[in-house]
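[1] got a structure for you, letters missing:
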């Protein structure tokens, strides 16, 4: 049976909700820079959305690191990643596209048809920094994660042989790229897969080694607390992107340590386990649900009760969507598996 960790389910769900909260305030800010915000765009001086995505990245590395075996099979890995992402993504895109059609809203108006290929492979959100696409769901994160998956086999097979050295090499790579970033890349640093490899690799290392070492986890927890307490000082002395890496890892370490110590009732474990299953589907569609409210009335200048009500509604509808379509996703996944790979039923998450 696949080993379950409550803190991973918790992180997936809370991070998903944090992204929704961030987008609620972000659109208010975009509408009017002086509009009152429900929570605020920053926490500890960091963008709330950035922290949430960092936790997503680390937990993704953890999940892959935990499920990978010593006799690693590249073909099996590719198959599982394909089936874990695309059925949910394609179905969600189709659902939102249907909604756009019913509401007579244009999709990719004036965008060259060839760019729909980016939509098919899930990279349309990532490339919005460069040009308009047929983007509807998944943010930049879906495309980012698909590219990051390419690095996992190398990090797992070779990076874990000397994890500390490998982590330092990745940090060195990120520092080197940061110094010349503007001359090399156009995309924003936090959405560049290369710039987030340290977090991804930390998740892999945590699953494979760190979680089993109580002394090391204790030391890391103390360091993590020190980092979070001194975030404002670090932001004055270190570029934002590197503080983001430290803060994301620190939150992950502390959350995992806390939930390994305290008692979690069975009903709470089951609740977050269920919500975690639907978190990717909820993440895919939440933004479009939120934008329906912003297109209907002046959310930006509404009071906090209205904004809180909208947030709760978006969270509820997004996860309810996940609950409704999850069985259909499983059905499509199984059919695709049989059609393309001819394999027996497995877990694709």
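    Noted; the coordinates are in hand. As the structure is a prediction and not an experimental result, all values here were calculated from the model. Residues are numbered from 1 along each chain as shown.
[2] can you map out the helices along the stretch 151-300 of the chain?
    Here the stretch 151-300 of the chain has its helices, by DSSP state H, counting those that start in this stretch, at 163-179, 181-184, 197-208, 214-229, 231-237, 240-261, 266-296.
[3] Show me the one of those helices that comes nearest residue 122.
    helix 266-296 (10.2 Å; C-beta to C-beta). C-beta here means a position set from N, CA and C on the backbone, and glycine is covered the same way.
[4] Give the buried residues for that closest one.
    Of the residues in helix 266-296, 272, 275-290, 293-294 count as buried by neighbour count, 16 or more other C-beta atoms under 10 Å.
[5] Single out the most deeply packed of the helices of the stretch 151-300 of the chain.
    Burial of the helices of the stretch 151-300 of the chain is given as mean neighbour count (mean count of other C-beta atoms under 10 Å); helix 197-208 ranks first at a mean of 24.
[6] Next, the angle helix 163-179 makes with that one.
    160 degrees (axes from the mean of the first three to the mean of the last three C-alpha atoms, to 10 degrees).
[7] tell me what helix 197-208 is packed against?
    Using 3 or more C-beta pairs under 8 Å, 6 or more residues apart in numbering; DSSP states H and E as the contact test, the elements touching helix 197-208 are helix 48-67, helix 141-157, helix 163-179, helix 240-261.
[8] The last one packs against which elements?
    Helices and strands touching helix 240-261, by 3+ C-beta pairs under 8 Å, 6+ apart, are helix 6-31, strand 46-47, helix 48-67, helix 163-179, helix 197-208, helix 214-229, helix 231-237.
[9] Which of the ones you listed sits closest to residue 74?
    Of all the helices and strands packed on helix 240-261, helix 48-67 comes closest under C-beta to C-beta, at 13.0 Å.
[10] tell me what that closest one is packed against?
    Under the contact definition 3+ C-beta pairs under 8 Å, 6+ apart, helix 48-67 sits against helix 6-31, helix 141-157, helix 197-208, helix 240-261.
[11] Including distance to residue 72 and mean pLDDT, could the ones you listed go into a markdown table?
    Conversion of those to a markdown table gives the following (distance: least, C-beta to C-beta, whole Å; pLDDT from 0 to 100):
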| stretch | distance to residue 72 | mean pLDDT |
| --- | --- | --- |
| helix 6-31 | 21 | 97 |
| helix 141-157 | 6 | 96 |
| helix 197-208 | 12 | 97 |
| helix 240-261 | 24 | 97 |
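[12] Need those helices in CSV (columns: distance to residue 62).
    Below are those laid out as CSV (distance: least, C-beta to C-beta, whole Å):
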stretch, distance to residue 62
helix 6-31, 6
helix 141-157, 12
helix 197-208, 4
helix 240-261, 8
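[13] Next, format the helices of the stretch 151-300 of the chain as CSV and append distance to residue 139.
    Shown next, in CSV, are those (distance: least, C-beta to C-beta, whole Å):
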stretch, distance to residue 139
helix 163-179, 22
helix 181-184, 21
helix 197-208, 17
helix 214-229, 26
helix 231-237, 25
helix 240-261, 17
helix 266-296, 7
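[14] coming back round to it: mind putting the helices and strands packed on helix 240-261 in JSON lines, distance to residue 130 included?
    Below are the helices and strands packed on helix 240-261 laid out as JSON lines (distance: least, C-beta to C-beta, whole Å):
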{"stretch": "helix 6-31", "distance to residue 130": "20"}
{"stretch": "strand 46-47", "distance to residue 130": "22"}
{"stretch": "helix 48-67", "distance to residue 130": "20"}
{"stretch": "helix 163-179", "distance to residue 130": "18"}
{"stretch": "helix 197-208", "distance to residue 130": "21"}
{"stretch": "helix 214-229", "distance to residue 130": "34"}
{"stretch": "helix 231-237", "distance to residue 130": "29"}
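[15] Could you point out which of those sits nearest residue 264?
    helix 6-31 (5.2 Å).
[16] chain center to that closest one, what's the gap?
    In terms of C-alpha atoms, centre = their mean, to the nearest Å, the centre of helix 6-31 is found 10 Å from the chain centre.
[17] what's the answer for stretch 313-322, then?
    The answer for stretch 313-322 is 17 Å, by C-alpha atoms, centre = their mean.
[18] can you check stretch 179-190 too?
    21 Å.
[19] ok, residue 86 - how many residues close by?
    17 (other C-beta atoms under 10 Å).
[20] Residue 27 and residue 51, how far apart?
    19 Å (C-beta to C-beta, to the nearest Å).
[21] between the helices of the stretch 151-300 of the chain, which one is nearest to residue 3?
    Nearest of these (C-beta to C-beta): helix 197-208, 9.7 Å.
[22] quick one, that closest one and helix 48-67 angle?
    Going by the same axes, to 10 degrees, helix 197-208 makes 40 degrees with helix 48-67.
[23] tell me which strands and helices whichever strand or helix holds residue 319 is in contact with?
    Using DSSP states H and E, residue 319 maps to helix 304-336. If contacts are counted by 3+ C-beta pairs under 8 Å, 6+ apart, helix 304-336 sits against helix 6-31, helix 74-102, helix 266-296.
[24] helices and strands around the longest one, which ones?
    Applying 3+ C-beta pairs under 8 Å, 6+ apart, one finds that helix 266-296 makes contact with helix 6-31, helix 74-102, helix 304-336.
[25] Perfect, that will be all.
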